[in-house]
Structure formats: C-alpha cells, structure tokens
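K.L.:
could you look at this predicted model? Sequence included:
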Amino acid sequence: MIFGLIEKEWRQHGAMILFVLILLTTGFVVLQNMEVLVQYGGSNFALLDLLLFALLPIACLVIGNALIAAEFRQRTQVFLEGLPMPRWMMLAVKYGFGLVFVLVAAGTLLGVAFRSGYQTEAMTNRFALLLWIKTVGWAWFCWSVIFTHAFLGRYRIAIGVAIVALLLWAQQEAGVMISRFGPFELVSDRFAYERFEIPVEALWMTCILIIVITSFGFALGLVRDATLATMLSEKMSAREKMAMTALCVLGMVLAGSAAERKEKTDSLQLPGAIDVVLGVGNVSAAAAVTEPTIEETEALKLHATAAAELLAGAAEYLGCKRLPPLFMVHRRDMETQELEDGELSSRQGYLIRLNMISTHPESDALKARVLQKILAAHQHLRLESDTRSWVLQGFATWWPLRKKVTTPQELIALRLHSEMPQDITVTEYDLLHWLQFQKRLNDDSLAATVAAIGILELGKVGSEAQRRFLGSVLAYEAPHDFRAMVHDGWYNVPYLVRASTDWDLSLFAKRWTQSLLAAPESKP
Amino acid sequence: MNFTLLRKELSELRLCVLLVGLVYGMDVFYLLGTDFPDMPTDNEKSAADEIIPTLFFGILVGITVLSRERDQQTQSFLDALPVSRLGVFLHKALAALVIVLFERSVSFLLGLFYAWVSLNSLSKPIAGVELIAQAGLSVLLEMTVVGAAVLFSFSRQWFPLIAGLALLTIVWFRTTSSPMAAWLDTPTLLSPVINEGILILPWKQIGGHAFLAVVAWTCSAIAYQWQDGIVSRWMDQMSAWKFAGWITNIGRAFAILVWIAAIGFMASNENQDSKSPEEQAAGRPARSGSKAHGGSSAMDGFAKFESEHYELIFKESQRETVDQLAWSIDEVHEQARAYFQHPPAPSARIVVDVASAVSSHASGQANWTKIRVPLALATSNQDFLQTLRHETAHVFIEQLSNGRATDHFNAMRMFHEGVATAVQLEGYGDTSLTERQRMNRWAAGTDSRGRVPFKLLCDNEALNRERDSDVVYPLGYVVANALLDAGGPTLPRRMLEALRDSRLPPGVMPTELWRILLQKCGTSLDLVIASYETRLDLLGAREKTFVDGLPRLTGTVTVDGAEIVIRAEQKTSPNPTATNPAATMVCMVSQNRVLDTTPEYMPMQEDGSFRIPRLRVSGTKLRYLLGWSTADSANVIFEPWSESVLTNAN
C-alpha cells in the first residue's frame, strides 16, 4: 500500500519534481556565471550557500504546496482517507517523499559544487563531511518547516510572511543573532570556509527543531480527523484578506515601535572616573589619559563636584525630578576654555570634553554649557527649537551668575561684551523665531546674554513667577514620542509667559527691549 | 463618460484604497509613536525612496484592474452594457488613474506635512515646485507600472514570471552601452533639479517612461478589446490543460529564479569585475610602478602547496614564484599572530588562493579562513607577503570575534582595515619602514583635506558619503596605533574578544558600539579619540612639507556636447614652488549602477581635463573625487566628494 501511495505521488508530481531539480541546477549555473558574486564569495561553496539559503526553501514551498496544501484544498485527501491504512501513514509517506526529494536536490547541488570546485577548493575529507552534514541538516529543517506550514492552508502566506519578517526584524533591529542560531548557523556566511569545526550545538538545535516542527505538522494534519487542516485550506474571503494584511502590518508596526522604545544604549561607565551624586545631579569625571597625574585627579574631583552642585541646584529650583547623567572627560591636548561635545544620545546623557587643568571648574562658560546641554538632553533636544531655545539659553547663562548679577548692566559686564551693539531689539517675532535671531546676531555668546537679560526681565514680575515659568518650560520630562509634541503645542511659550506673568508675548518683548536699550549706556 | 461605470470601476478598486490608507496610516502611527515629526531630521529622503511604494502600489492596482472581473466572472455583465469594450477599458484606466493620483497625493501631502511641521526659522523654504514636479513624475512612473501590470495580468498565473522577465530585460538593457538605456533610468526620472531657480526636468527619462506607458496601455486595450476578449479565452483554454497545474507551479518557481537573476544582473558590471587577475592588474591605475608578476595562462592546471599554517592553491605556471615565496609564508602567519598576542592558530590551515580574481580595487580578500591574494596583482614578492599579512590579520580578526566583526561591518570596517594595515606594516626591514612612511603620508594628506572625526570614521556608510571609502586604511592605521596608546598591545585582541562575548543593545550605533567595547576592555573611547587626534596633529606637523606640496583642488564641471568635462583647479598654495612635481592629478567618478557604487577612475586628457561621455552618467548630478597621486604616498590623496548639477548651460 505504501509503495502504491509513493507511486501515486510520483506519477502526480514526478515531472514537476524533476523540473524543479533542473531549475535548481540551472539556478546554480546562473549564479556561477555572475562574476560579482563569484569574486565576492571567492568560492563555489559560497554560491551553494546562497542557493541553499535562498532557493531551496522556495523549492520546498513548491513541493509542499503540491503535496499537501493542494491535496487538502481540492479535498482529494478524502480519496486517500478511504484507503485501508492509518491517516498518519498517509502523512508519513508524503513527508518521506518530500524529504527524499529535498535531500536529493540538496545533494545534487552539493555534487555540482564539488565537481566545479574540486581543484580550487583545497578539499579534505573533513571539509567535505562538514559541507555534507550542514547541507543535509539545513535541507531537512527546511522541509520540516514547509511540511508543517502547508497545513496552515489559507493562513500560510500570512504566517509565512510574518515569520520571515519577524526573523529579519529580530536579526536587524532587535539584536538577536538569528544567523548564529541552530539551522541558520549551518548555512551562515562561514558555510563555505569553515574546514575544521563541527557545529555540534547548531546540529543538536536543528535536530530538536526538526522533531518539534514535524510533530506539530503531523498534529495539524491528524487532529480532529484532519478536519482542521481541511477547514484551514478553504479559500480566504476578501474581508479576511484585508483583516490579515491589517493584522500583519499592525503587528510589525507594534513590534517595531516596541523595539524603538526599548533603550538602545548601555549605561556609560568611564574607567577610573570620579563619580559625584548630589540630589538629581549625577556626574562622572574621567581623564582621557592612561595614567592621570595627582593634579589631574584633583581637577577631576573639583570639576565633578562643581558640576553636581550646579545641576542639583538648578534641578531643585526648576522642580526637575530627574536629570540625565553628565560625563566629563579631561583631555590634555585641548586648549583652555575649549569645550567639545561627546557622541552620546540624549537617552544616555551628555558628555563634555575639556582640559580640566586649564579650565576652572567655576567657569561661567563651562557651567552654562553643561546646564544647557543637560536640560536639552532631558527633553531629547526639543528645547533647541525656535520658541524655547531662548528660555534654555537664557536660563543656562543666568543661573550660574544669578548671585552675582541683578541688572542687565552687571550681566553684560560679567559676560565681557564690551562691544555689545546698542541697537539690539527683541520682538515677539524674534521670541518665536529665536534661531533666526541668534543667526542674525552672528554671535552665540551675545545671543545667550540677550536671552539671559530676558530671564532677568521676567524676574521683575517676581521671583516665584520667574521660577514657575522656567520650571514649566525646562522641567518637563519629555517622552520620546508624539506626546511631547502635543505637550509643547498645548503649553506653548506665549501661553506659559501669560500664565506666569500676566504679560502677553509682545509686551514682554517690549519690556525686554527697553532693558536691552538701557543696558549698554550704563555699561562699566 | 459614464459616471455610473466609473463609480463601479472605482468601487472595484476600493481594496487598493483601503490598503493605501492602511500602509500610510501605519507609517504615521509608527512615526508618532517613536519620534518627533516636528523636529528637523538629518535623513533626507531621496527620490529613489519613492520607487518602492510606487512599484508596490502600481503592481497592486495593475493586477486588480482586470483580474477581479475575471475572478468573479462578471465580464459578461459588462459585455451586455451598451458600452463598447474599449469604452469599458477606458473607464477602468481612468479609475486606475484616480487611484494612482489618490495614492501619490497621500504620499505627497504626508511628505509636505512632515516638511512643514519640522520647519524652523533656519530651514530652507520648502522646494514646492521641485516637490510638485517630483510628485507629477512619480504619477507618470506609477501609471507606467500600472499599464505594464495590466498588460502582464493577461498572463494570469504567469504574471510573476512575465513581470520578472520584463524586469530582467530592462536591467539587461540598462547594462548595455546603448544610448537608449538612459531613457529608462527611473531614479533620474524622479530627480528633477532646481538650478539657479530654474526647474530642470529629465525630459529624456520622461520620454522613455511615457513611451513605455503608452505602449503598455495600448497593448492592454487591444488585448482587452480584440475579438471581444479572445486573449482571455485563450488563457481559459490554457488553464484547462491537463498539466496546467504543475506548469503553473513550475512557472512560479521559474519566476523566482528570473527575479533572482534580474537582481544578480543588477549587481554585475561591465568592467573590471569580469576580468582575470592579469587583466585586472593591467587595467588598474592604483599604485605607481605596478607590474604584474607570476602571470598564468587560462589553460593552466591547479596545484597545491602546504605549509604549517597555509595551504596555497596556485596555477602550474605560478609554481616558480610560489617556490620563492613558500619558505617565508609561515613567518607572515607568526607576525600576524604576534600582533594579536599569540592567540591559538585557526584549527585548520588557512587556504590561500593566489590564482583567482578579486573584486576591483582590492589587492586581496579574506572570507573566514580563505584568502585570495592574486599573485598577478602583486608588484613584488615583498608586496605579496604584505598583502598576505594584511589578509591574515583579517582572518585573525574574524576568528577572535567569532565572525561578529563582519556582523557589525559598518562600525567595524575601520577597525578591520586599520588593524590589518598595522599588521601588514609590522614586517621587518627598510622596505616596511618606507611603506609605513607612505601610509603615514597618506593619513597626513587625507587629514589635510579636512579632519575626519572619529564619529564619522567608525560609521562606514556615512563616511562613504563624504570621503573616499579607502580613507579607512590610513586613518584606521592611526586608530590602530591609538588603540595601543590607550590600552597597550593587548587591546585589539581584547576588543575582539569583548565583541565576541558581548550581547550588544539592539540597533546599536557605531560610536556606541566602540564605546561599549572599549568600556568592557577597561579603557575609554575618549582615550582613543584623544590619542587619534594627537597622532593626526603630530603627523600633520611632521609631514607639513609633503602636504604643502599637494595643493587643495576644486573642480568645475561643464557639459561639452556629448561629454562631461571636469577641470581641476589648484587652490593657491602657500608656497607655489613647493608643489610636488612628481604628483599627478587623479579623478574618480561615482557610478550609478544599482548595486555597485565603486567609483571609477577617469584618465587624464592631454589638456589636463577629465572627460566622461554624457551618456555614461544617467542622472542630472555628477559626484566626483579629485586628488593627487604620488609615489610618496601609499595611495591617492583625495579631496572630499564634490557634486555638480549637469546642465548644458554649465
């Protein structure tokens, strides 16, 4: 009976199987004639690897579709079920028939590769055995997956696409090394070159997967007298197709979104760093030298402490519950007051490079830079926008100097703007287009001083109103999605100015301009 | 026009409309859930990005236009209407156009919306005319695709095969030197340029695609109308054949083969890659004094030589050279191993194929434990051994990292090439000293064209957009030495072992990867950056005379009839008499091949210009590199990439 079944499958699908075999071999020849691929891989077995990875599963898909899916879709399995043999045996014959074909196909390709690469591949028995084991393992795995997949009927395309998309996403986005896992390791990029090491772990994993997946396939084919497989093989309605597509796309989007929101960084640890934690201020200072001197170690401590105090004080004033960590790196080769940003994402914090020996820890420029960048990182750089950057710059400039200055004149004197233009005016438009205003001044330091004068002007309403306004703009802990955009639109700066001071933006700009125009006249 | 019929045809395509809404809706949802659309982004969307959605929706609409009628067997109802078959077809085409316009409008409006919300006061104004022109051209492209898909949909289950064959034909046509090939350059079609306020449309490509669209739609109309659908009846008869089922299955499998062949064909190129090592050596302008040795004939047999660590595969005609080299190759292996602090040697011998070709612009290639170093490309035995040392270092890097250095190729290419270059120059004797100096000069010269920040250097894709991709050799060499400064001679090996053993965060950025690895090795990225910059400063000071002899270059590009002419101009040198008389100008031009972006050397003309046939450059922009070639430097010292708009006016 079994031979009868095999004969039936052969008569039904034999021609197609032979044709697929010819196609696979032709495909190999086509690949062998692609000079770029040949030169890139440098081995016939690299091409075989490509073929096994890309084309063999497709060949399995064609055979699986013909042997199983079509049988159930056209309900011709009913005739087979009438035969005096158990149903599992019928499935086993199909499984065995397909497996033999797949192994013959893979073996043929391997033979062709051996034949064409016999002289140029430095063949050894061990290398040949390795290639054979890997090829058989992968081919068997492919057929087991496709065999089970064929029972999924109308959902097989959607599920197939979803699995492939999931594997691609896991490999490329989620950091899971799919290419180093079980069956995929067998046909990884070293398939053609590894001549010694037997991938024992990968082979075991492949065997386990083959057993599990094949069992699942048989279960699908046998459960409830095979009615499940028959039911699944019915045609999908248009609405079902749309729903499936929507579900697939939605699933991919949600998975991608979840991955995007996951922290993509490790916490940063500078070797030999001096860490100071003060309130929410978390500072780590290290020297970019192999053996820091005593003087340098002392400077690290001073800088870390000063920065932590600065951050803790500012956070308490603004009402920040959290601040990103600050990393300070000492560089001997940098000039005094030369400050350089490190390459950190806003999620990691802010890294600044400077010469800590020649730059004083209490330097106003340093403090302003640190404060500005930490607060910007706190909101994923959203504070560097047209409408909010004057608040950020102004606060960062004013805060370190707040005890030393109470008037714009004092501020200008301290900031050493001896050549400050006397005709600077600030309009409502400028407050909504600060980046352009800053570019027009052509001097970032001057723009920061002007912004700080604005903060001083706010203080004239009252220190509490000033604090409330600054806190409402700068203390917001922005999530990395559209909610931050909605927040900033809702709590826009004109609204916050009005809510804190009862001034509208134009009145505030006018008062600010008056302060500016008055300031240079009385400069020291 | 029959509006009832049009409405009916539109309702037939409502699934496409739903899918458009779904795809773009998800896109918006994803963006809002993970990012800030109102912040300016560095990622400029290129015209080529529009091709994939255009193709996807074009094919979807195209196969739906006629197939639903056929699947639901409602064609006979349409035939009963007092409207000719041509009339029905025209309404179907009009409905397809409406859907295409809808899809393109959604794409255009979303793009416009994102551009608008991310504007700040420093942003350039939105190039409305350019965007509208691009949207209009994408409608033309999509209608071409829809027309082709409608035509191919007559083949029913053979659609994938026929479509694949059509793609293969177009790809093949593009690789021919036919002047007509430029007419079907789709990326150029979608790249209208505004130059000095004037919109430059790619008329040639518009003509080519419009012609295709007209042909496809006309043929479809004829096939639909001809003898009241005789084509469909033929297909019905074919589908009823005894072997139709398995022929269909085979057709699908064959279609996949055709698509793979088409994609592979895109990867092939017509120049050096299809040449033997000897031909490659003859056509390569790279190193001065280059002379192939150990040549072979095509009829040679192969032979093998086994040493303790290598297994050499060579042609019989190369035996004499191989005999000279054989005694010293194990020493090369030991030198490479010593650099990595004597790790266990690979379990099996490293296979060295000295007879096969390698990719253009490469002297050797390594894949896991197989190396290809064509003898024909080596200028001397010493040169061969240096290349072998370089490639052996790649093998060690891969072994020590268990292949993960290749998994993170973008971030690790500079490490790969820099460390391999350091190993390559680890040899003994005066020759190697001179080579080291030449490498240092290459680094100093490259640095004099603008410092490559470490962040850019360890992001290969970003680097290739700004600088010659080979700068990873000299600058990577500087970094390799900086690693020794930061963590001693064991650091490269410890980094690789850390890479092998670490579970890195998903989607880790290149700088972050370096930071994590160095952190795991007990040192810091900042230490390496500090050393890298200090070393470059020192090199710049030491090689000042050499660098001053190579003035900075700028180019002017003109279109002179059928040729593009690039003229290099020297910026004023601080000391004109110091210009290196032995240095010659070199120009490389970016190629627009689909999967091959390797730049191509341009020969210098007698008048000192570089000329390239206009037809070879299909786009409206030309990217090129200008540089100096001199024997004192290990390779050409290039300026950063320049880009010029190609118009007959300039």
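P.N.:
Here it is on my side, so go on.
K.L.:
now do the contacts for the closest residue to B:I637 other than its chain neighbours.
P.N.:
Ranked by C-beta to C-beta, 6 or more residues apart in numbering or on different chains and with sequence neighbours excluded, the top spatial neighbour of B:I637 is B:G445, at 3.5 Å. Where you see a C-beta, it was placed from the backbone N, CA and C, and this is true even at glycine. Neighbour list for B:G445: B:E543, B:F546, B:V547, B:L550, B:W628, B:S633, B:I637 [criterion: C-beta atoms under 8 Å, 6 or more residues apart in numbering or on different chains].
K.L.:
and for the closest residue to A:D49 other than its chain neighbours, the neighbour number?
P.N.:
Spatial nearest neighbour of A:D49, chain neighbours left out: A:F191 (4.2 Å); criterion: C-beta to C-beta, 6+ apart. A:F191 has 24 neighbouring residues, counting by other C-beta atoms under 10 Å in any protein chain shown.
K.L.:
circling back to that earlier point, widest-spaced pair of the contacts of B:G445?
P.N.:
Spatial extent of the contacts of B:G445 (C-beta to C-beta) is set by the pair B:E543 and B:W628 at 13.3 Å.
K.L.:
now residue 145, nearest residue through space, not along the chain?
P.N.:
Just going to use chain A. A:I213 (5.7 Å).
K.L.:
not quite, I wanted chain B
P.N.:
Using C-beta to C-beta, 6+ apart, the closest residue to B:V145 is B:G58 (2.9 Å).
K.L.:
contacts only, for that neighbour.
P.N.:
B:V100, B:L141, B:E142, B:M143, B:T144, B:V145, B:V146, B:A149.
K.L.:
B:A213 is in contact with the fourth one, correct?
P.N.:
Yes - under the criterion of C-beta atoms under 8 Å, B:M143 makes contact with B:A213 at 5.4 Å.
K.L.:
let me know the outermost residue of chain B.
P.N.:
B:P82 (54.5 Å; C-alpha atoms, centre = their mean).
K.L.:
so which helix or strand takes in that residue?
P.N.:
B:P82 is part of no helix or strand, with elements assigned from DSSP states H and E.
K.L.:
for it, give me phi and psi.
P.N.:
phi -80, psi 40 (degrees, to the nearest 10).
K.L.:
give the buried residues for stretch A:315-323.
P.N.:
Within stretch A:315-323, the residues that count as buried by 16 or more other C-beta atoms under 10 Å in any protein chain shown are A:A315, A:Y317, A:L318, A:C320, A:L323.
K.L.:
ok, for the first one, nearest residue in space, not its chain neighbours?
P.N.:
So the one you mean is A:A315. A:A315 sits nearest to A:V280 (C-beta to C-beta, 6+ apart), 4.5 Å away.
K.L.:
just list the residues touching that neighbour, thanks.
P.N.:
Here A:V280 is in contact with A:L311, A:A312, A:A315, A:C320, A:K321, A:R322, A:L323 (C-beta under 8 Å, 6+ apart).
K.L.:
and what of B:L484?
P.N.:
So B:L484 contacts B:L491, B:P492 (C-beta under 8 Å, 6+ apart).
K.L.:
recalculate using a threshold of 7 Å.
P.N.:
B:L491 (C-beta atoms under 7 Å, 6 or more residues apart in numbering or on different chains).
K.L.:
tell me the confidence at it?
P.N.:
Reported pLDDT at B:L484 in the predicted model: 94.
K.L.:
where's it, which helix or strand?
P.N.:
Here B:L484 is assigned to helix B:472-487, by DSSP H and E.
K.L.:
looking at B:M143 and B:A213, which has the bigger crowd around it?
P.N.:
More neighbours surround B:M143 than the other of B:M143 and B:A213, with 26 against 19 (other C-beta under 10 Å).
K.L.:
which helices and strands sit right next to the helix or strand the more buried one falls within?
P.N.:
Following DSSP H and E, one finds B:M143 within helix B:128-152. The elements that helix B:128-152 packs onto, with contact taken as 3 or more C-beta pairs under 7 Å, 6 or more residues apart in numbering or on different chains; DSSP states H and E, are helix B:51-71, helix B:85-117, helix B:159-175, helix B:186-189, strand B:198-200, helix B:203-225.
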